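>>> heads up, no residue letters with this:
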């Protein structure tokens, strides 16, 4: 029965690959060696990887018979000019549409009332009760109703 590899085994296999190129630290090397000592499948993977790497590094390099070329599609100047003109036309159309919508939005309707001022309260408090006291005091000053009027320990209602 084959059990799935764990994340530890996946990491060990990554470190095995890095160790073949001397790209692991001493700590990673020690962790990998400890894992390989107790995990047979990772140890087999490390041995096989070392054998393949050694065989590839010892192989004689053979020159290619022909040069490898990768063709890149060339865009003509006309295509670039057309793309630039289309982009500029879209920018102008978007600006015109935005101006038209803004102008249409300025109907003869009266201006909206300004938003009520918002206040922000910054406090350095040590407990939730102190924060509740500060919030309650600000609600009482503003004349708003207190949402959940429950007593705070140590304060008279």
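Here it is on my side, so go on. Here the structure is a predicted model, which means the values were calculated and not measured.
>>> Same question for whichever strand or helix holds residue 78: list its buried residues.
Per DSSP states H and E: residue 78 is located in helix 77-105. Going by neighbour count (16 or more other C-beta atoms under 10 Å), nothing in helix 77-105 comes out as buried. The way it works is simple: take the backbone N, C-alpha and C, and place the C-beta from them, glycine included.
>>> try stretch 43-54
45, 46.
>>> next one: stretch 5-19
9, 11, 12, 13, 15, 16, 19.
>>> Of these, just say which sits nearest to residue 88.
Among the buried residues of stretch 5-19, residue 11 lies closest to residue 88 (C-beta to C-beta), at 51.8 Å.
>>> Check which helix or strand the closest one maps to.
Assessed by DSSP H and E, residue 11 sits inside helix 7-20.
>>> Run through the residues that contact residue 86.
Residues near residue 86 by C-beta atoms under 8 Å, 6 or more residues apart in numbering: none.
>>> okay, it: pLDDT?
Residue 86 carries a pLDDT value of 93.
>>> do the same with residue 29
On pLDDT, residue 29 comes in at 93.
>>> Quick check: the gap between the closest residue to it other than its chain neighbours and residue 59.
Among residues not flanking residue 29 along the chain, residue 19 sits closest, at 6.5 Å (C-beta to C-beta, 6 or more residues apart in numbering). Note on residue 19: its distance to residue 59, by C-beta to C-beta, to the nearest Å, is 21 Å.
>>> before we move on, back to that, out of the buried residues of stretch 5-19, which comes closest to residue 52?
For these, the residue nearest residue 52 by C-beta to C-beta is residue 16; the value is 11.5 Å.
>>> I figured the closest one hits residue 47, correct?
No: counting by C-beta atoms under 8 Å, residue 16 stays clear of residue 47, with 9.5 Å between them.
>>> Stretch 76-90: how far from the chain's middle?
34 Å (C-alpha atoms, centre = their mean, to the nearest Å).
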